[in-house]
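Peer 1: here is a sequence together with a model predicted from it:
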Amino acid sequence: MKKSILILFTIAYSFLNIQAQDEKANFGIKFSGFVKTDFFFDSRQTVNAREGHFLLWPAAESLDANGQDINAKSSFNFLSLQSRLSVNITGPDAFGAKTSGLIEGDFFAQANDNINLLRLRHAFVKLKWSNTELLTGQYWNPLFVTDCFPGTVSFNTGTPFQSFARNPQIRISHDIGDVKLLIAALAQRDFASRGPDPSNNNNTLISSDFLRNSTIPDLHFQVHYNLKNEESETNILLGTGLAYKTVVPRLFSSDGTNKYKVDEKLGGLTALGFTTITLKPATIKVMARYGENISDLLSISGFAIKEIEDPVTGEQSYTPLKNLSYWTDIQSNGKNIQVGIFGGYLKNMGTKEEMSAQTNNVYGLATNIESLFRISPRIMLISNKTKLACEVEYTSAAYGSAYDVNYIPANTTTVSNLRLLMSVIYSF
């Protein structure tokens, strides 16, 4: 009896051990990333994040008592906080799909107060069937098209002409021949909408509450068409997409003495079209985007009060601010030397509907800029895992001092910034 039990235990142990070895053989972890140091000089003060590292646009004029522009002062900085570590995970199949995951962090942090501290950049699980892929977790907003984004040296990656945000999401893509369909539902975390702050005289607040209180995720749909020609070593990607986001600006209004519950919502539509043309000598990328209330994408946008619907409770209706942007990026495909150039233009189109005559409240990002223009040539020297890069980024912003009924800035003054950027990048 004891001998039989011993034999059964030995067989069971051997079976479990073999099974564990098989699972271990299907499991893998791969580390990757890069160390990057940026050295940059700006010809004037700028609107930026992380001590100037993430450049948005030049700061508006700020005149002193003698009419001198305080912001007409140059600056420089050296930073390595873009350095990044990625953990790529593969494992055994699940539900008939190939499984993988990724956790990625850098030292950019969420604000200047905790700069240089590790932050979560990407974290997702992916299930891949033959023609369908499911992604759940934090990843690029679908409006940041990973197959069509600028190859700038600057970490801003063409922002604000290019959408820039990472969101917790559920994303499903399905391939039908050369066509890929993509649908996604997003929440907000590090990149959130702007709206009124009830605790601070309704000044602008950045918060995911505006989207969360709508109980409707940020919804996306895209179509990609990919055409390859292996003989000529060319590839053409064509794509278009729509996104619709609903926010709730307030849960209550206050007259200073009493509070009143209000039922307020605002919707905003975003549309884009793009192409990536990959040739043997160079890659050409082009994108156009129309956006409503997309300050969460670090774009010049937001919303305004349309009218007061109920004078007793103070309930209001709202209208989104619109903009239209275009950008083009061209880069050579050399192995040791790559040269490229990025160009972008953004136009502030004001509110979708006429604003209220009773109030002039606008909530958003840089809503006083009428238009932006940028051009930035670059060169990269590549040797194995090391890159030496240089980029000259010229950005011009037209700030308005007056507005029409659709809050389009007028009586503009143009200011410009020239950034000289050098980077050393070591990948692993």
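Peer 2: Right, received. Where do you want to start?
Peer 1: I'd like to know which elements the longest strand along the chain is packed against.
Peer 2: Ranked by number of residues, the top strand in the chain under DSSP state E is strand 316-332. Applying 3 or more CB pairs under 8 Å, 6 or more residues apart in numbering; DSSP states H and E, one finds that strand 316-332 contacts strand 266-278, strand 282-292, strand 301-308, strand 337-351. Bear in mind the C-beta positions are built from the backbone N, C-alpha and C, glycine included.
Peer 1: tell me which of these lies nearest to G151.
Peer 2: strand 337-351 (5.7 Å; CB to CB).
Peer 1: any chance of the helices and strands packed on strand 316-332 in CSV, plus mean pLDDT and distance to T412?
Peer 2: Formatted as CSV, the helices and strands packed on strand 316-332 follow (pLDDT from 0 to 100; distance: least, CB to CB, whole Å):
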stretch, mean pLDDT, distance to T412
strand 266-278, 98, 25
strand 282-292, 98, 21
strand 301-308, 95, 18
strand 337-351, 98, 10
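Peer 1: redo those as a markdown table? Include mean neighbour count and distance to G151.
Peer 2: Listed next are those as a markdown table, based on neighbours: other CB atoms under 10 Å; distance: least, CB to CB, whole Å:
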| stretch | mean neighbour count | distance to G151 |
| --- | --- | --- |
| strand 266-278 | 19 | 11 |
| strand 282-292 | 20 | 8 |
| strand 301-308 | 23 | 25 |
| strand 337-351 | 20 | 6 |
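Peer 1: for L81, which of those strands is the nearest?
Peer 2: Of all the helices and strands packed on strand 316-332, it is strand 337-351 that lies closest to L81, at 22.3 Å by CB to CB.
Peer 1: C-terminal to that closest one, what's the next element?
Peer 2: Later in the chain than strand 337-351, the nearest helix or strand by DSSP states H and E is strand 362-365.
Peer 1: could you give me the buried positions within that next one?
Peer 2: Buried residues in strand 362-365, counted by 16 or more other CB atoms under 10 Å: 362-365.
Peer 1: and of these, the nearest to A397?
Peer 2: Looking across these and measuring by CB to CB, the closest to A397 is L365, at 12.7 Å.
Peer 1: separation between the closest one and N112?
Peer 2: As for L365, its distance to N112 is 17 Å (criterion: CB to CB, to the nearest Å).
Peer 1: tell me where the model's unsure across this protein.
Peer 2: Scanning the chain for pLDDT under 70 picks out 1-25, 357-359.
Peer 1: next, the contact list for the closest residue in space to A410 that isn't next to it in sequence, please.
Peer 2: Spatial nearest neighbour of A410, chain neighbours left out: A402 (4.7 Å); criterion: CB to CB, 6 or more residues apart in numbering. With contacts defined as CB atoms under 8 Å, 6 or more residues apart in numbering, A402 is in contact with 409-411.
Peer 1: phi, psi for A402 please.
Peer 2: phi -150, psi 170 (degrees, to the nearest 10).
Peer 1: need the residues that contact stretch 130-137.
Peer 2: 97, 101, 122-128, 168-176.
Peer 1: of those residues, buried ones?
Peer 2: Buried members of those, counted by 16+ other CB under 10 Å: 101, 122-124, 126-127, 168-169, 171, 173.
Peer 1: got JSON lines for those, with distance to N323 too?
Peer 2: Putting these into JSON lines (distance: CB to CB, whole Å) gives the following:
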{"residue": "G101", "distance to N323": "36"}
{"residue": "H122", "distance to N323": "27"}
{"residue": "A123", "distance to N323": "31"}
{"residue": "F124", "distance to N323": "29"}
{"residue": "K126", "distance to N323": "33"}
{"residue": "L127", "distance to N323": "36"}
{"residue": "P168", "distance to N323": "25"}
{"residue": "Q169", "distance to N323": "23"}
{"residue": "R171", "distance to N323": "25"}
{"residue": "S173", "distance to N323": "28"}
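Peer 1: out of these, the closest to K259 would be?
Peer 2: Using CB to CB, P168 comes nearest to K259 of the buried ones among the contacts of stretch 130-137, at 31.2 Å.
Peer 1: next, count neighbours for S317.
Peer 2: Using other CB atoms under 10 Å, S317 has 15 other residues around it.
Peer 1: from N360, how far off is the nearest residue to it once chain neighbours are set aside?
Peer 2: Closest residue to S317 apart from its sequence neighbours, by CB to CB, 6+ apart: K306 at 4.4 Å. Going from K306 to N360 by CB to CB gives 12 Å.
Peer 1: again with S86
Peer 2: Counting by CB to CB, the gap between S86 and N360 amounts to 46 Å.
Peer 1: identify the bridge partners of S253.
Peer 2: Beta-bridge pairing of S253 under DSSP bridges involves Y260.
Peer 1: for N88, that is, sorry about that
Peer 2: With DSSP bridges as the rule, N88 is bridged to K30, L102.
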